[in-house]
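In: predicted coordinates and the sequence they were generated for:
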Amino acid sequence: MRVLLIVAATLWGAGTGLVLPRAAHRFSVEPDEPWNSRCPAGHPITGAYGGWLGRATCPTLEPNGPCGAYGPHTPTTSTATALVCAALATASGPRPETAVWLLLTPVAILLALIDIRVHRLPDVLTLPLAATTTLLLAVAALLPAAAGSWPTALLGGLALCAAYFVLFLANPSGMGFGDVKLALPLGTALGWYGWPTLLTGALTGLLYGALYGATMLATHRATRKSSIPLGPFMLTGTLTGLMLGGIAAAS
């Protein structure tokens, strides 16, 4: 059963990862700018759902020449999404919350890609992610074999969001308000497995970000005034916490 789950999770991650680069390209714009509707060569992006769904490739040769692939590297994105899904399935096993983690993983990867490219976490993704995480975990809590607590998940989301809001007020130049909004669904997910998991995931995310910043400074690729995208590290810390929480719940 577990092996089949891991295989299915890997295929789900690989498949959804194929369509993330196009969405990442379209969402990767500065605030107040419309979503990107053209490839880097200037060709209009067309396809299903207004051009949002599809591979990030442009076969058009005219009028501005060939474009080919655009956005984040598709094989890398697909592989990363597959690995994250496989890791979550391995750690959580055949439980209701595993389906929640797998459904939310593509959105999490998409947010990380956008934040890396333009240092932005769009409300159109973070706010629905918060609502969806809450609702899906509410359903999971009603099913047999659920290993978490929905009330604690709710409190965890509010607690982590409040903590990041305090950090934002203390240093608004070092943290975007999008990070505060992202903390709400991440805290909800981590809180599912309890307060120790929430604390582990939250601190691990900050640690990952601090290590990255220190490395950039040490290699002279950034200065103390340089900004770094915190979202990917928050998400990676959440992945760490969920995996540890899932393993602990299985023991």
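Out: Nice, I can see it. Given the structure is predicted, the values throughout are model-derived calculations rather than measurements.
In: can you pull the poorly scored residue ranges out of the stretch 51-200 of the chain?
Out: In the predicted model, the stretch 51-200 of the chain carries pLDDT under 70 at residues 59-66.
In: and the helices in it?
Out: 74-92, 96-118, 123-141, 150-170, 177-191, 195-218 (DSSP state H, counting those that start in this stretch).
In: highest average neighbour count across those?
Out: When the helices of the stretch 51-200 of the chain are scored by mean count of other C-beta atoms under 10 Å, the highest mean neighbour count falls to helix 177-191 (a mean of 26). Any C-beta I mention is one placed from the backbone N, CA and C, and that applies to glycine too.
In: by contact count, what packs against that one?
Out: For helix 177-191, the packing partners by 3 or more C-beta pairs under 8 Å, 6 or more residues apart in numbering; DSSP states H and E come out as helix 96-118, helix 123-141, helix 150-170, helix 195-218, helix 231-250.
In: about what we covered before: turn the helices of the stretch 51-200 of the chain into a markdown table, columns for distance to residue 56.
Out: Listed next are the helices of the stretch 51-200 of the chain as a markdown table, based on distance: least, C-beta to C-beta, whole Å:
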| stretch | distance to residue 56 |
| --- | --- |
| helix 74-92 | 6 |
| helix 96-118 | 11 |
| helix 123-141 | 17 |
| helix 150-170 | 31 |
| helix 177-191 | 23 |
| helix 195-218 | 26 |
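In: coming back round to it: a markdown table please, covering the helices and strands packed on helix 177-191 and showing distance to residue 55.
Out: Converted to a markdown table, these look like this (distance: least, C-beta to C-beta, whole Å):
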| stretch | distance to residue 55 |
| --- | --- |
| helix 96-118 | 15 |
| helix 123-141 | 20 |
| helix 150-170 | 34 |
| helix 195-218 | 30 |
| helix 231-250 | 23 |
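In: and the residue positioned nearest the centre of the chain, what does it touch?
Out: Centroid-nearest residue in the chain: residue 108, 1.7 Å away (criterion: C-alpha atoms, centre = their mean). By C-beta atoms under 8 Å, 6 or more residues apart in numbering, the contact list for residue 108 reads 84, 129, 235, 238.
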